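In: dropping the sequence and predicted coords here.
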There are 2 protein chains.
Amino acid sequence: MSTIRIGIAGYGNLGRGVELAIRQNPDTELACVFTRRAPESVQLKTPGVPVYRLDDAAAHADEVDVLIICGGSATDLPVQTPALAKLFNVIDSFDTHARIPEHFANVNAAAADTGHLAMISLGWDPGLFSLNRLYAESILPNGKTYTFWGKGVSQGHSDAIRRVAGVKRGIQYTVPIEAAMEAVRSGSQPELTTREKHLRECFVVAEEGADKAQIEQDIKTMKNYFDQYDTTVHFITEEEFERDHTTMPHGGFVMRSGMTGDGETTHQMIEYSLKLESNPEFTASVLVAYARAVSRLAAEGAVGCRTAFDVAPGYLSPLSPEELRAQML
Amino acid sequence: MSTIRIGIAGYGNLGRGVELAIRQNPDTELACVFTRRAPESVQLKTPGVPVYRLDDAAAHADEVDVLIICGGSATDLPVQTPALAKLFNVIDSFDTHARIPEHFANVNAAAADTGHLAMISLGWDPGLFSLNRLYAESILPNGKTYTFWGKGVSQGHSDAIRRVAGVKRGIQYTVPIEAAMEAVRSGSQPELTTREKHLRECFVVAEEGADKAQIEQDIKTMKNYFDQYDTTVHFITEEEFERDHTTMPHGGFVMRSGMTGDGETTHQMIEYSLKLESNPEFTASVLVAYARAVSRLAAEGAVGCRTAFDVAPGYLSPLSPEELRAQML
């Protein structure tokens, strides 16, 4: 069987993670990388793989079985995924939950028109967390679902900190509140406010001479980002920042607390959790497993847009259905 | 849209659980119950639903969209599922892992020959735990998977206790060892022996005048069931047994400890757990969600045998694909 030729569009943290995940999956290979930078400025970790200008993607459509688009959800993916779905079978990790229906419609139209298969919003949330919400709610219809995030780096909140005057470097950790999680696990199905579920911890390197009290005040009162949370701000040196805060851990919990039985008094608890030392590397691993699924489904003739909800789990595994039943069921 | 007419074959703990789960799913209804007992001796919780002799099932095939077979895996299901798959779309919870390929082949032949759809080995292990092993291993190919069971009642081990001379009543709890789970969560990927993963806790009501020391000795040395474990035996009164040990809690943990990144040094942890106050009620809830999937897949023309690996998650939910994308992704 020939290997699945994966292309990467966008060579940032996520794109580099995809490159590394491909190495762990012997039935896949890295075909090429597309970039908006000057191709000669991009140094891949994989020798001998071509780097092309993203604008030239159409010329290389037949070199790729599945293209993994590694742009950002705010401005890149809404444009890139529909455009590239006209040329390739594509995958993205679009994670602006509220705009998923619109993105789905745009990508579906582009892919269906041109006979391609697209999968959007893969990763862990949306992605694996969504799958767990779906399975758990289908199985326990009488219940309540809770999602907690962290402890981990929120890119959006870190960006917000860095826009505050006097901040040289900054990072924000979202921290789930243990007492809230324990209340959920008890089966009491609590109503939890935003403040009760998560707290926000910031580490800031201030510019020389900056007013730290003002920085702290500006962060803690920032609308939507921090004002609804208990936020702590720690000022640290640039050396401490370099030493302790340059990785991107994340994770979280999906919990379903449900009731079954006569009178619905039997408590049943489903919990799924991730503890990730690297968010982009893990997300990349999810994308590559789904690239296998896209390649197989496309070979079966599937076209248009799909999400994780539409793909039978067996498509993700390199094992055959017989092997899966014998070894993993 | 008409409701899904579900039949139940076998009205024990699991069958009663299915009856209760149907009440929680307004798009399903209980069509009838088949039993090996005298039908007039079976009192359902649902008024107006007919109870038929299992031997007469063929006469009622057109009253049922999906039949959930609630027999035991040792002797019932290997015979019942292939036989009933010739008459109905069927679901079972066959859980003898080693014999799944053989059971699959038998059921597949029966269902495919007669144009029916069958799903086997549903529940939580096999079932939801299998799904989690599959997703996690597909996403983190470099890693190690651990399954822990409990704390919960093992029916097989409880039956074994009750066969010991001098035992009037007995129940066995499988208990996962916290230190082993913590070692897994640390990312060290330990090699764990059977004894290191679980211990076995037995509660026994002895017959009057029985030799308790002998009972304890007989249990602890029982080959395969107890000899490889640290086992404790507690002697209690019949009143204590009645008060504290007549429910069927269970649960467990599936953990995948994997490595990603350059040099594969980044630790990533996936954990799934269930904490169930009633094992049969929860298993029944899984079966009813999959009955929805079977009904839909059969309407699309699917025939033969399937497992949880073959069914896209969206088929389990009463929500439409549009609703799922908008609300749950």
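Out: Arrived safely, thanks for sending.
In: phi first, then psi, for the residue of the stretch 51-200 of chain A at minimum distance from chain B.
Out: Nearest residue of the stretch 51-200 of chain A to chain B, counting by CB to the nearest CB: A:Ser138, 3.9 Å away. Every C-beta, even on glycine, is put in place using the N, C-alpha and C of the backbone. The phi/psi pair for A:Ser138 (degrees, to the nearest 10) reads phi -70, psi -30.
In: which is the next helix or strand following the lengthiest helix in chain A?
Out: Using DSSP state H, we find that the single longest helix of chain A is helix A:279-299. For helix A:279-299, the following helix or strand on the C-terminal side (DSSP states H and E) is strand A:304-306.
In: for that next one, which strands pair with it and how are they oriented?
Out: Sheet partners assigned to strand A:304-306 using DSSP bridges are listed as strand A:117-119 (parallel).
In: give the buried residues for the strand it pairs with.
Out: Buried positions in strand A:117-119, judged by neighbour count with 16 or more other CB atoms under 10 Å in any protein chain shown: A:Leu117, A:Ala118, A:Met119.
In: quick check, A:Phe241 in contact with A:Arg169.
Out: Yes - applying CB atoms under 8 Å, one finds A:Phe241 in contact with A:Arg169, separated by 5.3 Å.
In: anything in contact with each of the two?
Out: Residues touching both A:Phe241 and A:Arg169 (CB atoms under 8 Å, 6 or more residues apart in numbering or on different chains): A:Val205.
In: residue contacts, the residue most central in space within chain A?
Out: Centroid check for chain A by CA atoms, centre = their mean gives A:Gly123 as the closest residue, at 3.8 Å. When contacts are counted by CB under 8 Å, 6+ apart, A:Gly123 is found next to A:Ser93, A:Asp95, A:Thr283, A:Val286, A:Leu287.
In: please redo it, this time with the cut-off set to 7 Å
Out: Neighbouring residues of A:Gly123 by CB atoms under 7 Å, 6 or more residues apart in numbering or on different chains: A:Ser93, A:Asp95, A:Thr283, A:Val286.
In: do you know the pLDDT at the third one?
Out: Right, the one you point to is A:Thr283. Predicted confidence (pLDDT) for A:Thr283: 98.
In: could you pull up the residues touching it?
Out: By CB under 7 Å, 6+ apart, the neighbours of A:Thr283 are A:Leu14, A:Gly17, A:Ser93, A:Gly123, A:Trp124.
In: ok, now how distant is it from A:Lys45?
Out: To A:Lys45, A:Thr283 is 18 Å away according to CB to CB, to the nearest Å.
In: again with the second one
Out: Taken as CB to CB, the spacing of A:Asp95 relative to A:Lys45 amounts to 25 Å.
In: neighbour count winner among the two?
Out: Neighbour count, other CB atoms under 10 Å in any protein chain shown: between A:Asp95 and A:Lys45, A:Asp95 has more, with 21 against 11.
In: so the more buried one touches A:Ser73, yeah?
Out: Yes - contact criterion CB atoms under 7 Å: A:Asp95 and A:Ser73 qualify, at 5.0 Å.
In: where does the closest residue to A:Ala31 other than its chain neighbours sit: helix, strand or coil?
Out: Leaving aside its sequence neighbours, A:Ala31 sits nearest to A:Arg5 (CB to CB, 6 or more residues apart in numbering or on different chains; 3.9 Å). Recorded secondary structure, A:Arg5: strand (DSSP: H, G, I helix; E, B strand; the rest coil).
In: which sections of chain A are below the confidence cut-off?
Out: Applying pLDDT under 70 to chain A flags the ranges A:1.
In: thanks a lot, see you next time.
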